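Participant: What follows is a predicted structure for the sequence shown.
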Amino acid sequence: MSEKPPSVLGDALVLAYAVLEASVTYTGKRPLFVGTPAEGMKELGPVPCLAITEDLETGKILLLHCDQGWEGEVG
C-alpha cells in the first residue's frame with residue numbers, strides 16, 4: 001500500500017488524496033483519456049492513487065492519477 005503523498009506534487013498543492021485498496025477493481029466501462037489531440041490521446045487504465053491538487057501558479061484544481069510512488073498523469 002502506498003504512503004500518503006508529499007504536500008506538493010510537481011507544481012501543485014495536494015488538497016486531498018485516495019489510495020485504492022486491492023478490493024477496488026477497475027472495470028474499464030468508463031474509459032478516461034489523457035493527452036492532447038495534437039500530441040495524441042491515450043487511454044488511462046487503472047491507477048492505485050488519486051490526488052486532488054491546486055496548481056500553485058494558476059490556482060486551477062487538478063485531478064492526478066498516480067502510481068504508488070505518486071508519479072502521475074493529469075486527468
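Facilitator: Received the coordinates, thanks.
Participant: so residue 34 is in which element?
Facilitator: In this assignment (DSSP states H and E), residue 34 forms part of strand 32-36.
Participant: Ok, residue 57 next?
Facilitator: Here residue 57 is covered by no helix or strand, with elements defined by DSSP H and E.
Participant: any idea how far residue 11 is from it?
Facilitator: 6 Å (C-beta to C-beta, to the nearest Å). In this view, the C-beta of every residue, glycine as well, is placed from N, C-alpha and C.
Participant: Check residue 49 too.
Facilitator: Distance, residue 49 to residue 11, by C-beta to C-beta: 18 Å.
Participant: between the two, who's got more neighbours?
Facilitator: For residue 49 versus residue 11, neighbours defined as other C-beta atoms under 10 Å are more numerous around residue 49 (22 against 11).
Participant: What does the pLDDT read for the residue of the chain most remote from its centre?
Facilitator: Within the chain, residue 38 marks the point farthest from the mean C-alpha position, 21.5 Å out by C-alpha atoms, centre = their mean. Looking at residue 38, its pLDDT is 92.
Participant: which residues of this structure score low on pLDDT?
Facilitator: Across the chain, the ranges flagged by pLDDT under 70 are 1-2, 73-75.
Participant: all strands in this structure, in order from the N-terminus.
Facilitator: Using DSSP state E, the strands found in the chain span residues 8-9, 12-19, 32-36, 40-44, 49-55, 61-66, 72-74.
Participant: Output the ones you listed in TSV; the columns should cover distance to residue 26.
Facilitator: Output for these, formatted as TSV (distance: least, C-beta to C-beta, whole Å):
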stretch	distance to residue 26
strand 8-9	22
strand 12-19	14
strand 32-36	11
strand 40-44	10
strand 49-55	13
strand 61-66	11
strand 72-74	15
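Participant: ok, what's across the strand from the most centrally placed residue in the chain?
Facilitator: Per C-alpha atoms, centre = their mean, the C-alpha nearest to the average position across the chain is that of residue 65, at 1.7 Å. Applying DSSP bridges to residue 65 gives these bridge partners: residue 50, residue 73.
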